[in-house]
Structure formats: C-alpha cells, structure tokens
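> Just need the structure, nothing else, for what follows:
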Amino acid sequence: MPALQRIIPSRGKEFWDTLDPDNMKQVLEAVKEEFKRPESAHELHYLNTMSRGSPIGDSKPCYRDCLIFLLRGEFIIGGQGRVIDTGCAYRVKDEAWIWLCGTTTIVVMEEGEQRGECLRCTQESRELKPAERDGTRKEKKRAKKLLDEKFQALSASSRLHRPW
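Numbering: from 1, shown residues only. This is a model prediction of the structure:
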C-alpha cells in the first residue's frame, strides 16, 4: 500500500537542510520535537545509507503503521514508486519493505498498534540466540530452527517485495 498522506512540518525545508544527516542524535531530537514524540528511542528508527548501486531494502514490523520522515535522498514504496520530497513525513500503512536509494536518511516513527512491535521482535530473536548457543541439545535444535525460519521468511519476503 502506498504512502497515504504527506505531512509538511511547520519548520521550513531550509531548517531541515541545515541539519547534518550523519548526526543521528541531532536528527532524532529535531524530529521528536517537530512531531511532538516523547516516546522512548526504541519507537524511532534512524536509517542512513550511502549506496551507489541498487536500492537497499529494509523490513521492519512497524512499516505496517508508521510515519517516515525523509531528511535526504529518496525511498521506494511498493505500489507507489519513488518518494522524493525531502523535509516531509509520510504516513505509511501495510508495507512489508521500503527501499532506500542512494544516499538517504530517514527517521521512522512507529504508530498505532505497531508501537513497540520492532522491540518485541528484536527481543524474541535475542532470547533465541543464547538458547541456540548454550541450551540443551533439544533447545539448541529448536532455537536454530526458529531462527532459520525467520531468516528464510525474511529472504522470501525480500524477493517478493522488490520494486524492480
């Protein structure tokens, strides 16, 4: 599903152009202030790429309901194509992947019921790692199988959702 709504922040494009896209702390603080987001850092995701080749895909559970602020560059949403207006936020729903093109900096803000979903998924994987490494033979086998299934699902989803 494409970006549903473009949100133009009250601060002008000139303000956003003055920020250093490589300074994660500065960017996150400015975005939190602009969008009045008091939540903890795990509900904000800063992504910064410097790719010269094909777009880089990224999958997060929160892409099902989030706000994506584009500081620089462009990204691709399946079914919509390239999103290029920097200094704006985009409400995104029901996406599995986004693709970052070239040198791009975005901040993803979790919304609605997806708030905290990325943290929960990360914690699940972190809990499986020690079991795979230190558990009994049965626990190791189960943890390895679950981690392999997650990886296989992610790989298949990546191929399925490629925009090209």
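
> residue ranges of the helices in this structure, please?
Ranges of helices in the chain, per DSSP state H, are 13-18, 24-34, 117-134, 137-160.

> Just send the ones you listed back as a markdown table, with distance to Arg72, mean neighbour count and mean pLDDT too.
The way it works is simple: take the backbone N, C-alpha and C, and place the C-beta from them, glycine included. Listed next are those as a markdown table, based on distance: least, Cβ to Cβ, whole Å; neighbours: other Cβ atoms under 10 Å; pLDDT from 0 to 100:
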| stretch | distance to Arg72 | mean neighbour count | mean pLDDT |
| --- | --- | --- | --- |
| helix 13-18 | 9 | 13 | 87 |
| helix 24-34 | 10 | 16 | 89 |
| helix 117-134 | 23 | 14 | 78 |
| helix 137-160 | 24 | 12 | 75 |
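
> Minimum distance to Gly87: which of these has it?
Closest approach to Gly87 among those (Cβ to Cβ): helix 13-18, 4.0 Å.

> that older thread, out of the helices of the chain, flag the one nearest Asp58.
helix 137-160 (9.7 Å).

> quick one on the thing from earlier: out of the helices of the chain, flag the one nearest Glu74.
Nearest of the helices of the chain to Glu74, taken as Cβ to Cβ: helix 13-18 at 14.7 Å.

> other SSEs contacting that closest one?
Using 3 or more Cβ pairs under 8 Å, 6 or more residues apart in numbering; DSSP states H and E, no helix or strand is in contact with helix 13-18.
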